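> The following comprises the amino acid sequence and a computationally predicted model.
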Amino acid sequence: MRNFELPGRSPVYATNAMAATSHPLSTLSAVKVLQAGGNAVDAALAACAVQCVVEPGSTGIGGDCFMLFSPAGKADVVAYNGSGRTPAQCSLDWYRGDGIDAIQRQSPHAVTVPGAVEAWGRICADWGSWDLGRILGDAISLAEAGYAVSPRVHRDWAQEKVRLERDAGCKEIYLPHGAVPAVGTRHRNPRLAATLKRIANEGPKAFYQGSIARSLVSFLRSRGGLHTLEDFAATAGEYVEPIRTAYKGYDVWECPPNGQGIIALMMLNALSRFQPGASALSAQRIHLEIEAARLAYNERNLFLGDPDYTGHSLDWMLSDVHAEALAGMIDPDKALAELPGVAAPVTSNTVYVSVVDRDRNAVSFINSLFDEFGSCLTDPETGVLLHNRGQSFSLRDDHPNAMGPRKRPLHTLIPGMVTRGDRVCMPFGVMGGHYQALGHVQFLSRLLEYGHDLQECADLPRVYPCVETGTVEVESSLPQGVVAELRERGHRPVPSTEPIGGAQAVWIDWENGVLTGASDPRKDGCALGY
């Protein structure tokens, strides 16, 4: 139990239903849906739609999403991949012929066709109890009437001011009066409200086949993009077979590639071969986590991409033989020599939603624009801010994540789910781009290995080994004695440039009929239940 004389927050407990998100208005919207009789899917979609308005830099309808879902609390986990694809005319030869040797962030070529709205519609129709129009009600109201800008949202917003100024649509909507809205001021987005209303009334087809699609295609092509109406009309996510591994008596579930969830499972498998160490914050434990991450992320950058094209064996990556091989490369006392250099995807910004309802339907849902404010390209007619997920592609012919027609890029997005026996225990997620896979490992290790409560697992200091620089980003709250020990083991710790990640989770206590929720203090959000 935490020291109540120190700053912090307690886990949230409830008996009926629970939601945890990175923004209070999003959590509140989810709880309102749950109290009004909606189920966990309705609540998760409502919360995400609100975040698309009140956390405009982190997520939006111009992005992608993934979901893990446990119907009625069963261990039969459902996975949905809502990531979009490149235009059909996209090819490496075209880029080379146009003199493009790298995908720039504020470029139409960084924009794959957004998959989020299609996924929302499909998931709502298949698993929700409300129609999409009703679910979008709070988001529409907040976009029309305005919302108060919160501290973390403002911080992230301010960092992108220069890029936002370069695009007319972004400048008009996100820099009213030429400035980033201050903390506590009201921000409105009436054009996004009108677009959300159109989707509410007409369904996702308005985004992919109607006036919204025509406007987005016209906007992207005016910037040199290859997108067509046919590309938007062909957009369809898919249900996929989730992947899992056993860890400390539980099963941990992830979406398969093109997401990086398999990397989290590989790390858990490797770390299971070592003694845990004295504490979650011991230099011994953190050293092992860093080394497992370096090895696993190195394989991610070598092998992962759209599974329709890579053909790489997931069974091998999750096998005991491979786990033993990874563990065998880790020296418990010192850092490995520098790993082979590979091109790593850029970082990302994301929102994550965890919801459990009265029937114990459990949803783990994640939605993203990739970088803060994505591509920083906004269609001025629709108010849709577009993501930059296409920057994750490689322009090398021989790379499994090579750019190509109708391909999905490697995604950092990974919702998580934990089950035991035939029941779900916890939907959870950790935002933070590259960090997400290691974030899952650190969160689960602190919970299941060291027995910290759910909120402590979100609160504790984090580290992240940077793939390209060879440094280890360290949060300021990590004890300096631990930092010094890491340095002695051959690591190169450096202060993190920003808070690392952001976690939300809901734990189900079936025996007592109680739900426990937690939300990361690095964000503005909270967990609420009733």
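Everything's here; your move.

> from here on, contacts and neighbour counts on C-alpha atoms
OK.

> any idea where the helices of the stretch 151-300 of the chain begin and end?
Secondary structure of the stretch 151-300 of the chain, counting by DSSP state H, counting those that start in this stretch: helices at 151-158, 161-166, 168-174, 190-202, 205-208, 211-222, 229-233, 261-271, 283-303.

> Can you report how many residues lie near Asp98?
By other Cα atoms under 10 Å, 9 other residues sit near Asp98.

> Could you tell me the per-residue confidence at it?
At Asp98, the model reports a pLDDT of 85.

> What distance do you get for it to Val111?
17 Å (Cα to Cα, to the nearest Å).

> The residue nearest to His23 when sequence neighbours are not counted: what's it in contact with?
In space, and not counting its chain neighbours, His23 is closest to Gly525: 3.6 Å by Cα to Cα, 6 or more residues apart in numbering. Gly525 makes contact with 20-24, 26-27, 519, according to Cα atoms under 8 Å, 6 or more residues apart in numbering.

> got those residues as a markdown table, with secondary structure and neighbour count columns?
Listed next are the contacts of Gly525 as a markdown table, based on DSSP: H, G, I helix; E, B strand; the rest coil; neighbours: other Cα atoms under 10 Å:
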| residue | secondary structure | neighbour count |
| --- | --- | --- |
| Ala20 | strand | 34 |
| Thr21 | strand | 34 |
| Ser22 | coil | 29 |
| His23 | coil | 26 |
| Pro24 | helix | 20 |
| Ser26 | helix | 32 |
| Thr27 | helix | 29 |
| Ser519 | strand | 34 |
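
> so what's the residue nearest to His23 scoring on pLDDT?
96.

> from the contacts of Gly525, which is closest to Gly137?
Ser26 (12.2 Å; Cα to Cα).

> In three-state terms, label the residue lying closest to Thr195 once chain neighbours are set aside for me.
Counting by Cα to Cα, 6+ apart, Thr382 is the residue found nearest to Thr195 once chain neighbours are left out, at 5.8 Å. With DSSP: H, G, I helix; E, B strand; the rest coil as the basis, Thr382 sits in coil.

> again with Tyr13
strand.

> Can you name the residues bridging to the closest residue in space to it that isn't next to it in sequence?
Distance criterion Cα to Cα, 6+ apart; nearest residue to Tyr13, sequence neighbours excluded, is Thr516 at 4.6 Å. Thr516 has these beta-bridge partners by DSSP bridges: Tyr13, Trp507.

> which residues does Thr516 contact?
11-14, 18, 454, 506-509.

> same check, this time on Tyr250
So Tyr250 contacts 418-421 (Cα under 8 Å, 6+ apart).

> Out of the residues you listed, which two sit at the greatest distance?
Longest span within the contacts of Tyr250, Cα to Cα: Val418 and Gly421, 10.3 Å.

> Compare those two and say which one has the larger neighbour count.
Between Val418 and Gly421, counted using other Cα under 10 Å, Val418 has the larger neighbour count: 24 against 11.

> so which helix or strand takes in that one?
strand 416-420 (DSSP states H and E).

> Would you mind finding the most buried of the helices of the stretch 151-300 of the chain?
helix 261-271 (a mean of 27; mean count of other Cα atoms under 10 Å).

> and that one with strand 416-420, angle?
50 degrees (axes from the mean of the first three to the mean of the last three Cα atoms, to 10 degrees).

> helices or strands up against helix 261-271?
strand 243-247, strand 250-254, helix 283-303, helix 314-317, helix 320-329, helix 435-444 (3 or more Cα pairs under 8 Å, 6 or more residues apart in numbering; DSSP states H and E).

> Can you flag the weakest of those by average pLDDT?
Looking at the helices and strands packed on helix 261-271, the bottom one is helix 314-317 with a mean of 84.

> Counting neighbours, which bits of that one end up buried?
Met317 (16 or more other Cα atoms under 10 Å).

> now swap in stretch 98-113 and tell me
Going by 16+ other Cα under 10 Å, stretch 98-113 has these buried residues: 103, 105-113.

> Please narrow those residues to those residing in strands.
The strands, defined by DSSP state E, take in nothing from the buried residues of stretch 98-113.

> Kindly reformat those residues as CSV containing pLDDT and distance to Tyr464.
Formatted as CSV, the buried residues of stretch 98-113 follow (pLDDT from 0 to 100; distance: Cα to Cα, whole Å):
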residue, pLDDT, distance to Tyr464
Ile103, 91, 25
Arg105, 94, 23
Gln106, 96, 26
Ser107, 95, 29
Pro108, 96, 30
His109, 96, 29
Ala110, 95, 26
Val111, 97, 27
Thr112, 97, 28
Val113, 98, 30
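
> Show me what counts as buried in stretch 120-132.
120-124, 128-130, 132.

> Make JSON lines out of the residues you listed and add secondary structure.
Output for those, formatted as JSON lines (three-state DSSP):
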{"residue": "Trp120", "secondary structure": "helix"}
{"residue": "Gly121", "secondary structure": "helix"}
{"residue": "Arg122", "secondary structure": "helix"}
{"residue": "Ile123", "secondary structure": "helix"}
{"residue": "Cys124", "secondary structure": "helix"}
{"residue": "Gly128", "secondary structure": "coil"}
{"residue": "Ser129", "secondary structure": "coil"}
{"residue": "Trp130", "secondary structure": "coil"}
{"residue": "Leu132", "secondary structure": "helix"}
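
> Of all the helices and strands packed on helix 261-271, which one is nearest Gln89?
It's helix 283-303; of those, that one is closest to Gln89 (Cα to Cα) at 24.6 Å.

> Now do that closest one: distance to the chain's middle.
20 Å (Cα atoms, centre = their mean, to the nearest Å).

> Model confidence score at the closest residue to Ala125 other than its chain neighbours, please.
Nearest non-adjacent residue to Ala125, counting by Cα to Cα, 6+ apart: Asp131, 7.4 Å away. Looking at Asp131, its pLDDT stands at 97.

> Phi first, then psi, for Asp131.
With angles defined as degrees, to the nearest 10, Asp131 sits at phi -80, psi 160.

> try Ala17
phi -150, psi 160.

> Do I have it right that it meets Ala527?
No. If you go by Cα atoms under 8 Å, Ala17 and Ala527 don't touch, sitting 10.8 Å apart.

> isn't Ser375 right up against Gln391?
No. At 9.4 Å, Ser375 does not count as touching Gln391 under the criterion of Cα under 8 Å.

> anything in contact with each of these two?
105, 110.

> State the distance from Thr516 to Tyr352.
17 Å.

> Quick check: which of the helices and strands packed on helix 261-271 is nearest to Val482?
helix 283-303 (5.2 Å).

> How about residues contacting the helix or strand following the closest one?
Using DSSP H and E, the helix or strand that follows helix 283-303 in sequence is helix 307-310. With contact meaning Cα under 8 Å, 6+ apart, helix 307-310 is reached by 257-258, 303-304, 400-401.

> Just put the residues you listed in a markdown table and tack on distance to Val356.
Listed next are those as a markdown table, based on distance: Cα to Cα, whole Å:
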| residue | distance to Val356 |
| --- | --- |
| Pro257 | 25 |
| Asn258 | 26 |
| Phe303 | 35 |
| Leu304 | 31 |
| Pro400 | 37 |
| Asn401 | 35 |
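
> Compile the helices of the stretch 151-300 of the chain into JSON lines and extend it with columns for distance to Val441.
Output for those, formatted as JSON lines (distance: least, Cα to Cα, whole Å):
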{"stretch": "helix 151-158", "distance to Val441": "25"}
{"stretch": "helix 161-166", "distance to Val441": "34"}
{"stretch": "helix 168-174", "distance to Val441": "35"}
{"stretch": "helix 190-202", "distance to Val441": "36"}
{"stretch": "helix 205-208", "distance to Val441": "36"}
{"stretch": "helix 211-222", "distance to Val441": "38"}
{"stretch": "helix 229-233", "distance to Val441": "36"}
{"stretch": "helix 261-271", "distance to Val441": "6"}
{"stretch": "helix 283-303", "distance to Val441": "8"}
